[in-house]
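In: Build me a structure from this.
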Amino acid sequence: MDKREYPEQYLRVRERYRSIIDNLERLGEELRRSGPIDKKTSHLIQLAASAAIQSEGATHSHARRALEAGATPDELRHAIILLISTVGFPRASAALSWVEDVIGKK
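Out: Modelled structure (predicted):
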């Protein structure tokens, strides 16, 4: 992802705490490589987790990254719809709106 696409807050934190963010990104890469789940599926899982904890920024990030890894807009939407019976309709609906923010930019 081009750095211009990162949220301003992320860029500010990255500038101030470069070493921490570098280590966090390396951890994420290592976690994805550590098992048999492919990159697209791992981002769909992280998308669902982000939605479940109501993190708009992480939902945007994993939606973008899942698309970059080959997921379709319908797969992103389905990952969120699957949460309705677990986290409830209001949370899933909010997360769908965040996913649509990203889909609308593509």
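In: quick one: the helix or strand L47 falls within to chain centroid distance?
Out: For L47, the host element (DSSP states H and E) is helix 39-52. Centroid displacement of helix 39-52 relative to its chain, using C-alpha atoms, centre = their mean, to the nearest Å, is 6 Å.
In: buried set for it?
Out: For helix 39-52, the neighbour count (16 or more other C-beta atoms under 10 Å) marks K39, K40, T41, S42, H43, L44, Q46, L47, A48, S50, A51, A52 as buried. For the C-beta atoms, the positions are set from N, CA and C on the backbone; glycine is no exception.
In: what's the answer for stretch 75-93, then?
Out: Counting neighbours by 16+ other C-beta under 10 Å, stretch 75-93 gives E75, L76, R77, A79, I80, L83, V87, R91, A92 as buried.
In: In JSON lines, list these along with pLDDT, secondary structure and distance to I20.
Out: Compiled in JSON lines, the buried residues of stretch 75-93 are given as follows (pLDDT from 0 to 100; DSSP: H, G, I helix; E, B strand; the rest coil; distance: C-beta to C-beta, whole Å):
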{"residue": "E75", "pLDDT": "98", "secondary structure": "helix", "distance to I20": "32"}
{"residue": "L76", "pLDDT": "98", "secondary structure": "helix", "distance to I20": "29"}
{"residue": "R77", "pLDDT": "98", "secondary structure": "helix", "distance to I20": "33"}
{"residue": "A79", "pLDDT": "97", "secondary structure": "helix", "distance to I20": "28"}
{"residue": "I80", "pLDDT": "98", "secondary structure": "helix", "distance to I20": "29"}
{"residue": "L83", "pLDDT": "97", "secondary structure": "coil", "distance to I20": "30"}
{"residue": "V87", "pLDDT": "96", "secondary structure": "helix", "distance to I20": "29"}
{"residue": "R91", "pLDDT": "96", "secondary structure": "helix", "distance to I20": "29"}
{"residue": "A92", "pLDDT": "97", "secondary structure": "helix", "distance to I20": "32"}
